[in-house]
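Enquirer: Everything below, folded, please.
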Amino acid sequence: MGWTALAYAAPYYPLYALFFLSTGLTAAEVSGLFALWSVTGFLAEVPAGALADRWSRRGSLVLASCLEAAGFVLWTALPGASAFAAGFVLWGLGGALVSGAAEALVYDGLAAAGAADAYPRLNGWISATQLGAQLPAAFLAAGLYALGGYPLVGWASVGGCLATAALALRFPEPAHDSDVDTGDDAAGDGLRAGLTRALRRPGLGLLVLALALVGGIDAIEEYFPVMAAAWGLPTSAVPLAILVVPLAGAVGAALGGRAGRLSGRPLAGLLVLSGVLLAAAGVWARPAALGAVALFYGLYLAVLVVAEARLQDRITGRYRATITSVAALGIEVTSLGVFAAWAVRGPVGVAVLVLFVAAVL
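Expert: Below you'll find the model as predicted:
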C-alpha cells in the first residue's frame, strides 16, 4: 500500500484545477481538458491492458509514473493551454497503463498465495489508502503553495512521481495465468482474445458494464476543489477544506468489504442516496455543503469497491488486465458524461447522472 499512498499524494492533485483557472482558462475550457484526459484514456485503455498482460504489469506501473512526471514537467515549466493539454495526454496514457495492471497484479498475487477471497477487503483498503493519501497531499500542497506558489507545487509533484516509479520497481510479479492457458486463446492476439473473453463468458459482460457505469462517476473528484472555491473558500484554504471528502470516501471504501454482502438492489439504493446528497449540496452551495459532498462520496465509493471486486472474481485466464481495461474503457465513456453534466448544471447535473446510473443498475 506504500506505492498506492505515494502515487496519490502528489501536491498538484488538490490544486491543479485552480491552477488552470488562474492562468485565464474558463470553467468550460477546464472541463474540455478533463474531457481530453478521458478521451486519451478511452483510446489507450484496452491496448494498455493487453500490453500489461503480454509484457509486464510491474513495468506498466513504472512507465505510468514516468509519463505522469513528464506531464507535470510540462505544466510547471510551460504553463498554458497547450502544455496542459499535452500533460493530460501523457497522464491519460499513464492512467491507462495503471488501471488494468494494478488490479491484475494484486489479484493474481493473492491468488498465487491462495488468498483470492481476501481481494474485496484488500481492494477496499487500497482505495481507502489512495484517498487517505490526500491528507498529507493537502497539507503539503498548502505549505508548498504558501512558500513558492504553483511552481514549487509542480516540481514537488514531479519528484513524487519519480519516487513512485522507483518504488514500483520493487514489486514482485507472480506468473500470469497464461502459463497454463493453451490453444488459440494463448497464441492469439491479446487484445482480441481479451475482448472475446469478456463478451462470451456468462455474466462477465454485465459486470463489465456495471463497473463502467459506476466507475465513471468518480470523475467528479476533479471538481471538489472547484466546488469549494465556488462556494466561498479562498484558494489557500481549499486543499485543507476539501479533506473531509476523501476522508469520508476512505471510510466508505474501507467498508466496501461489508457492502459486498449486499445484493444489487440495496447497492443501487446506496447509489440513489448518494445522488440525492450531491444534489442537495449543489443547491445549498455553501462551504458547509462539503459535508453533504463527503457523505455522497463515502456511499458512492462503497458501491464502487463492490463492483470492482465482483468483476475480478468473475475473470479467469490470462487476460485479467485486458478485461479490466475493457471496463476502464467504459469508465472513460461515463466520465465524459460527468464532464458534460458538470458543464451544463454543475454538481446538480452530475447528481442527475448518478441517479440515472442507479436506475440502470
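
Enquirer: Listing request: residues of this structure with sub-threshold pLDDT.
Expert: Residue ranges of the chain with pLDDT under 70: 1-8, 175-202.

Enquirer: Give me the neighbour count for P266.
Expert: Each residue near P266 was counted by other Cβ atoms under 10 Å, and the total is 12. Any C-beta I mention is one placed from the backbone N, CA and C, and that applies to glycine too.

Enquirer: got it, and the one 3 residues further on?
Expert: Using other Cβ under 10 Å, G269 has 15 neighbouring residues.

Enquirer: which SSE is it in?
Expert: Assignment of secondary structure by DSSP states H and E places G269 within helix 264-284.

Enquirer: Just the C-alpha atoms of that helix, please, in CSV.
Expert: Taking C-alpha atoms only, helix 264-284 is exported to CSV below (Å, rounded to 0.1, in the frame of the first residue of the first chain):
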residue,chain,number,x,y,z
GLY,A,264,-27.9,-5.4,-6.4
ARG,A,265,-31.0,-3.6,-5.3
PRO,A,266,-29.6,-2.4,-1.9
LEU,A,267,-26.4,-1.3,-3.6
ALA,A,268,-28.4,0.7,-6.1
GLY,A,269,-30.3,2.2,-3.1
LEU,A,270,-27.0,3.4,-1.7
LEU,A,271,-26.2,5.0,-5.0
VAL,A,272,-29.6,6.7,-5.1
LEU,A,273,-29.0,8.2,-1.6
SER,A,274,-25.5,9.4,-2.6
GLY,A,275,-27.0,11.2,-5.7
VAL,A,276,-29.6,12.9,-3.5
LEU,A,277,-26.9,14.1,-1.1
LEU,A,278,-24.9,15.5,-4.0
ALA,A,279,-27.9,17.3,-5.5
ALA,A,280,-28.6,18.8,-2.0
ALA,A,281,-25.0,20.1,-1.8
GLY,A,282,-25.2,21.7,-5.2
VAL,A,283,-28.4,23.5,-4.3
TRP,A,284,-27.2,24.6,-0.9
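
Enquirer: Show me what that helix is packed up against.
Expert: Packing contacts for helix 264-284, counted by 3 or more Cβ pairs under 8 Å, 6 or more residues apart in numbering; DSSP states H and E, involve helix 290-314, helix 320-360.

Enquirer: List the buried residues of it.
Expert: 267-268, 270-282, 284 (16 or more other Cβ atoms under 10 Å).

Enquirer: how many degrees apart are that helix and helix 320-360 in direction?
Expert: If you take axes from the mean of the first three to the mean of the last three Cα atoms, to 10 degrees, helix 264-284 sits at 70 degrees to helix 320-360.

Enquirer: So what touches helix 264-284?
Expert: Residues outside helix 264-284 that contact it (Cβ atoms under 8 Å, 6 or more residues apart in numbering) are 214, 220, 227, 259, 262, 289-290, 292-293, 295-297, 299-300, 302-303, 306, 346-348, 350-352, 354-355, 357-359, 361.

Enquirer: measure the most centrally placed residue in the chain to E173 for me?
Expert: Residue closest to the mean C-alpha point of the chain, counted by Cα atoms, centre = their mean, is D218 at 6.6 Å. Noted for D218: a distance of 27 Å to E173, by Cβ to Cβ, to the nearest Å.

Enquirer: what do you get for L63?
Expert: Distance from L63 to E173, by Cβ to Cβ: 14 Å.

Enquirer: Between the two, point out the one with more neighbours.
Expert: L63 (22 against 14).

Enquirer: hmm, back to that, can you select the buried ones from the contacts of helix 264-284 in PyMOL?
Expert: A single PyMOL command selects the buried members of the contacts of helix 264-284 (16+ other Cβ under 10 Å):
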select buried, resi 214+220+227+259+289+290+292+293+295+296+297+299+300+302+303+306+346+347+348+350+351+352+354+355+357+358+361
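
Enquirer: ok, back up a step: pretty sure the residue nearest to the centre of the chain contacts V303?
Expert: No. Proximity of D218 to V303 does not meet the contact threshold set by Cβ atoms under 8 Å, at 10.8 Å.

Enquirer: Quick check, L36 in contact with V89.
Expert: Yes. L36 lies in contact with V89 (Cβ under 8 Å); the separation is 6.9 Å.

Enquirer: Tell me which residues touch the nearest residue in space to the residue nearest to the centre of the chain that is not next to it in sequence, please.
Expert: Using Cβ to Cβ, 6 or more residues apart in numbering and skipping residues adjacent in sequence, the residue nearest D218 is L304, 6.7 Å away. Contacts for L304 (Cβ under 8 Å, 6+ apart) come out as S127, V214, G215, I217, D218, A253, G256.
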